[in-house]
Structure formats: structure tokens, C-alpha cells
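Colleague: next one to model:
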Amino acid sequence: MVNGDTRVRGLAARAGGWSARHRWAAVGIWVLFVVLAMGLGSAGGRVDVKDSDQLKGETHTAAKIIEDAGIEEPASETVLIQAKDGSVKATDSEFRSAVTAVVKAVEGTGKVTDVTSPYDTQTISKDGRSALVQFDMRGDSETAGERVEPVLKAVEDVQKDHGSLRIEEIGGASMMKTFDDAFGDDFQKAEYSAVPVALGILLIAFGALVAALLPVLLAVTAIMATMGLMGIVSHVMPMSDTANSVMLLVGLAVGVDYCLFYLRREREERQAGRDAQTALRVAAATSGRAIIVSGVTVCVAMAGMLFTGLAEFEAMGLASLMVVAVAMVGSVTVLPALLSLLGERVEKGKIPFLHPDSKLRRNRGQGNRESRFWTAVLKGVLARPVISVVVAGGALLAIAAPAVGMKTQNLTLDQEFGDSLPIVQTYNRVNEAFPGGSEPAEVVVKANDINAPEVKSALADFRDRAISSGASRGPVEIKLHDEQNVAFVYVPLVGGSDLDKAGVSLDTLRDDVRPATLGKVDGVEAPITGQVAGSKDFNDQLAGSVIPVFAFVVVFAFGLMLLSFRSLTIAATSIVLNLLSVGAAYGILVAVFQHGWGASLVGAEGVGAIITWLPLFLFVILFGLSMDYHVFVVSRIREARLRGRTTKDAIQHGVVTTAGVVTSAAVIMVAVFAIFGTLSMQSMKQMGVGLAAAVLIDATIIRGVLLPAVMALLGERNWYLPKWLHRLPDLTHDEAPETVTRGSARDDEGERVPV
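Modeller: Have a look, this model is predicted:
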């Protein structure tokens, strides 16, 4: 085919055209932007989310009281001394000798303070077989894990001298050290392996080293720039390490995807016989526009997290939004400049057996060799669209069905890590002997005078009623901070690590015990915090934000699709198909991680619940990312239809010509997300498997079967736009080569569809 004049309009086309004409300026501006963002971010430092801002409700109030009082809570440690059988009791001399040895050993390290004997605090189990020696680590609780090694060694030495007893340490510092030793490198390994995995897949997709490196280069520079921006923005909205990890994950996924879309379209146009300049202009007008529509949609979805009111979610949402925006801008500016600079050299570094020719073949369609499989699939789908919709839709609804019984909660230690680590087994033993003892509820009491008689009386009454009410079996410990007029009351909850039962005990404390005791004293605040309280408060707040977030994301995505394609039908079907994809991901999560069906296949186990933050997080991420494929595929279908093809032929052409790039993009996303599914923490496994499964379903069943089948059934109704909506802004693009039959494409109202 000979080159023809190409008329383009739109932001992406203008940006691409300017960059191609001012290649070095575009590259220089991008490099300067990345360097400045990193430099300013590094100079200003990053402000992280405070504990007091993590949650709302009582958990927030308690953390705020502690923060305002300037109290640094130490890392508390516990040594469990337990008879291995029923022959030794806490009253026996051997048991007492072991307790004395433990107290002496830990005090001798010089690393601890406030060591208490179980005979003084009455921390002896009802059966008399178990007792707890408790103490605090000296120094900052955040770094206590780095100083706990001598204490652990001292406890181990005592264990060697008492073979009939089990002597084990557990607490904030020891858990911190154990998990850092066992899993500290998990995230780094996942993050470092994501880039090589993506590069390897791109090498297979392009068959050339330079072409494969470009998407990775853009994604990495976008991530680097965003890291700097996060530091700057954190002074207004605090960030976190979790937000940083999510930003890297999303940035790599969308950065590579956007470049992949652009590169494949430019390569396809050159293979069709157009010169490099024309091919670049067409790619800018088509794939560039799809990238902007997709990027804005993803940004809108990520912005939904800002409506949760949860600081961690807000940080993740803003960080993800920024990296998507940066990657989107880079894709439509610096990428055209680099392609213009490289020209044919983008094919350098060809990989043997992966690149078919020494030069680009100049015959139309050669760029779509990968689509033979989807050509065969599409033939069947378009021949029997009703059957395809029923079978594919029914299968996805069946997969989504388990989601109806979804249960969410913060995972306990044994759920998160299993029982493979000795410290998890210790955690279970402590909870069995002292229900709730490993994670007690913490009542933070603030009064005008904490030593006032009425306050002391209320504290004593609270301690007694906590046990008599059945919420706790004791012992209830009270620690006073006289100077700050604050007291901490530690209440082991009946139910222990069973958060449902422990939640009932928490409600008893909050609704019955507290109002009858501390609540009767004027000027006293007594918010209740702790692991169980934090999980409940988090769930309550998240539940209240679900509807606003869902509504915001769905409404704005619908509006954006309506403006981008000027079709009410396409906007509606886009939302429905995306929701079906998210529902299927939920179903897989519940089946695998809640019920344990096939959990061993992914190296996991059924833990009876889904981590609280994951469903909303998955919805936002998946709803945004799935638009990548949808916008790209539908854009090609619309182009073909506007060139005079029938709707059925346009569907065939659009799906087949995008099959290669969608497959490559999906494989990269699935591979990157699956890496997180290999981490040791169950919550990370849930996130990785959920994201990977959803993307796989979206790129195959949704885009390859349901989308074309639904569009085939709708026929010309796909392009329906009521006359009263014609006044909406036109965000479509013009890409009108000579082959376009002008005026041949008309909508249902008999008017020509604007290109």
C-alpha cells in the first residue's frame, strides 16, 4: 500500500507530532523532569502516615491520646513457660526454678525493663501448666527487633536446662526479628524480579532487544519520577511503604502496557507499507488516544481510594494515580520522540528464532501473525454469539458465585504465616492457655487527674466487670502514666485469635462494661484499641466507604467511555463486562483462600477469610487496568467500522489485530502479579492471585469471547447515541487514510458517525 495523507486531531496526536518534530527537546524535557522530581523528593524527604491517622473511630482516638501525651509505648515481650505434659505444675519447685531463671536471664541482658513474675501478676493458666514472664524492651519500639537477639539467646539457654518444660519467647520485638529474618527479602525479591520478567516477555513479543527495552525504560523512569513526586506530595498527604510497593506494581504494569500498545501500532503501520513519519502519526492518533482514555480512566478509578477516609488507602490511591499519569504522559510524549530518533534501529538486537526476517516485511497483515488462534476463536464466537454469551457469561457467573459468601477480616498471625515458624506455634500456645493474651484489647484512659479517687475506683471497677461480664478471663493489667494523666488497661479477650468471638467480647467491653464504669466519670475518655478493635474499626469504616467508591468509579468511567466513543451502548457494556471480570476475581479469591478449594495449587491454604482491604483495592485496581484492554480493542473495532466495514467485520478485524498486543500485555501483567502470589504472607498471596486471575480472565474470556459476542448481538445498536446527547464534547479521534470511504459509516439515527 502506498502512503496516504493522514489527517489527525486530538491531544495525543498533537503531542506525538510535536515530539516527533522536536525529538531531542522532548527527550531532554523528560529526563529533566525525572531528575528534578527525584532530586526534589530526595531533598524534602518523605512524610509517612502516622499511627494516629491510620484509622478513624476509637482506634484513631486512642492513638491520638498517646501521641499527644508524648508516650512512647515500648515493645512488650512475653516468655511462655509451659509443662510439656501434666506432670509439672506452676506450683512445683522445678517450674518455680525455671521462672526464676528466666527472670534472671532476661534482666542480665541489660536490654529489658519492668520484668514481672507470673507469681506476682497472676499470669498462670487455669490448669496450672502455663505461666507468663512479661517485660518491655528498652529503647524505641520501632527498632526493638534489632536489639532483641541477646534476650532470645538468654531464653534459649534457660530452655536447655529445663527439658521437661517448654520455654519460648514471643512479642513485638521477637516477631519483628523473626519475620525480618524469614521474609524480609520477600518484597525486594518480588520487586527486583518483576522487571526482568517483563523484559523477557517483551523480548519474545517483539523479537528485538531495543524494542523490548523501550517499554521497560519508560516504566522504570516513570516509577523513578513518581517516587520523587511521592516525597513532595507526602508533605500534604502522607505516604507509606505499602503505597510505594503498590505504586511500583501498578507503574510497571501500565507503563509497559502503554508503550506496548504504541509500539505495536507503529510497527504494524510500517509493516503495512507506510513510511516512518506517517506510521508514527497514525500510532499517535490511535494508540496514543487509547492510552490517554485508558490512563484517565485508571486515574479516575485510583482516585476512588481517596473516598475511603483511610490514610493507607488514600496514600495507595494517590501514589497509583500519579504513576499512571506520569506513565501516560511519557507514553504520548517521549516515546514518539524516541521512536522518531531510532527509526528502523528500533529493530536492532534481533533474537534468533523470535524475529522472522532481517527486515520488516512490507505486506499488510504480517504484524498480526500471533492472531491465528483468535481468528479461529472469533469465527466460532461470531457465528454463534448467543451460545457464546450464554456459555462464557454463565461460566463467569459460576466462578463469581462464591463471592456471595465472602468474609473479610484482618488476618491473625497464624492465618497470615501458617504454623511453619516456631513463633507462630508459640502464638497459638499462648492463645490456648491465655485466650486473648497475645493480643489483648488496650483501653487508653485519659482523665484530668488519673489519680483522682473516682478515676481509680472506676478503673478497678472496669477491671472487675471485664472479667465478671465474660469478656475476659483475666488477668487485666493496669499501667499508670501519672505525669500525662493517662492509664493503659490491657484486657485479654475471650475468643483469643478467633476474631469473630473476640469481637463479641470487644462489643461487651465497649457497649456494657465501659459505660457502667469509666463512662460515669466526668472528663474521662476511654477509647478501646488493639488488634481486634483495629480490625473491627477498619471493617466498619471500609464498609461505609464501599458504596461511595463504587459509585464514583462506575459513574466517572461510564461518562468517560461515553465521551470517548460517543456511544451509550459501548459505555454501558464496558461497565457491565468490567464488573463481571471483578466479580469473577472475587469468586476465585473466596474459593481458594476462604474455602481452600485448590489452594495448594498456588502454594496457599484456606484461612477462612479474605484480608479486609483487598476487595475494595482489587475493585479499584482491576476496574482501572481492565480498561487498558477494553479501550484498545474497542478503539480498533470503531476504526474499522468507520472505514466502511460492517459491524461484524469490524469486530473480527478489531479483536484479531489487537490479539497479539493484548496477549503480550496480559502475560506481562499476569507474570508480575503472580510474583506477588509467591510471597510468604497470605495477604500478599491473595493480592497476587486475585490480580493475576482477573487479568487473565479479562484478556481471554471477556475481550476474546464476551465482548465480540455481545457486540455481534447488538449489531448497529453498538453505535447508538441519542440525539439529545449529540451536544456532548467529542473526544474521538480522526485517522482517515485514503482507504476510508467517507460518509459510509452512519449511526442508528441516520447521521454519519464522526471519526
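Colleague: from here on, contacts and neighbour counts on C-alpha atoms
Modeller: Fine.
Colleague: tell me where the protein has strands.
Modeller: Remark: strands assigned in the chain by DSSP state E are 76-83, 112-116, 130-137, 165-171, 408-409, 441-446, 477-481, 486-491, 528-529, 610-611.
Colleague: mind giving me the packing neighbours of the last one?
Modeller: The one in question is strand 610-611. The contact analysis (3 or more CA pairs under 8 Å, 6 or more residues apart in numbering; DSSP states H and E) places strand 610-611 against strand 408-409, helix 682-697.
Colleague: any idea which of the ones you listed is most buried?
Modeller: Comparing the helices and strands packed on strand 610-611 by mean neighbour count (mean count of other CA atoms under 10 Å), helix 682-697 ranks first with a mean of 23.
Colleague: how about residues contacting that one?
Modeller: Outside of helix 682-697, the residues within contact range by CA atoms under 8 Å, 6 or more residues apart in numbering are 411, 415-417, 581-582, 584-586, 588-589, 593, 602, 604, 610-611, 614, 618, 622, 626, 666-667, 669-671, 673-679.
Colleague: Provide a PyMOL selection command restricted to the buried entries of those residues.
Modeller: Typed into PyMOL, the next command selects the buried ones out of the contacts of helix 682-697 (criterion: 16 or more other CA atoms under 10 Å):
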select buried, resi 411+415+416+417+581+582+584+585+586+588+589+593+604+610+611+614+618+622+626+666+667+669+670+671+673+674+675+676+677+678+679
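Colleague: related to what we said a few turns ago, mind telling me which of the strands of the chain the model trusts least?
Modeller: Sorting the strands of the chain by mean pLDDT places strand 408-409 lowest, at a mean of 82.
Colleague: who does that one touch, helix- and strand-wise?
Modeller: helix 531-565, strand 610-611.
Colleague: need these in CSV (columns: distance to Glu58).
Modeller: Below are these laid out as CSV (distance: least, CA to CA, whole Å):
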stretch, distance to Glu58
helix 531-565, 7
strand 610-611, 21
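Colleague: winner for burial among those?
Modeller: Among those, highest average neighbours (mean count of other CA under 10 Å) belong to strand 610-611, with a mean of 24.
Colleague: strand partners (parallel or antiparallel) of that strand?
Modeller: Here strand 610-611 has these sheet partners by DSSP bridges: strand 408-409 (parallel).
Colleague: what separates the strand it pairs with from the chain centre, distance-wise?
Modeller: Centre-to-centre, strand 408-409 and its host chain are 16 Å apart (CA atoms, centre = their mean, to the nearest Å).
Colleague: what do you get for stretch 423-431?
Modeller: Taking CA atoms, centre = their mean, one finds stretch 423-431 lying 29 Å from the centre of the chain it belongs to.
Colleague: can you pull out the helices in the stretch 351-500 of the chain?
Modeller: 372-383, 385-400, 413-417, 422-433, 453-468, 499-508 (DSSP state H, counting those that start in this stretch).
Colleague: lowest average pLDDT across these?
Modeller: Across those, the lowest-scoring stretch is helix 413-417, with a mean of 76.
Colleague: only alpha carbons, please: show that helix as PDB.
Modeller: In PDB, the C-alpha atoms belonging to helix 413-417 read as follows (Å, rounded to 0.1, in the frame of the first residue of the first chain):
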ATOM      1  CA  LEU A 413      -0.600 -14.300  62.900                       C
ATOM      2  CA  ASP A 414      -1.400 -18.000  62.300                       C
ATOM      3  CA  GLN A 415      -3.600 -17.200  59.300                       C
ATOM      4  CA  GLU A 416      -1.000 -14.800  57.700                       C
ATOM      5  CA  PHE A 417       2.000 -17.100  58.100                       C
END
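Colleague: which strands and helices sit next to that helix?
Modeller: Helices and strands touching helix 413-417, by 3+ CA pairs under 8 Å, 6+ apart, are helix 422-433, helix 682-697.
Colleague: hmm, who's touching that helix?
Modeller: The contact list for helix 413-417 (CA under 8 Å, 6+ apart) reads 424-425, 427-428, 607, 680-683.
Colleague: pick the most deeply packed of the strands of the chain.
Modeller: Comparing these by mean count of other CA under 10 Å gives strand 528-529 as most buried, with a mean of 26.
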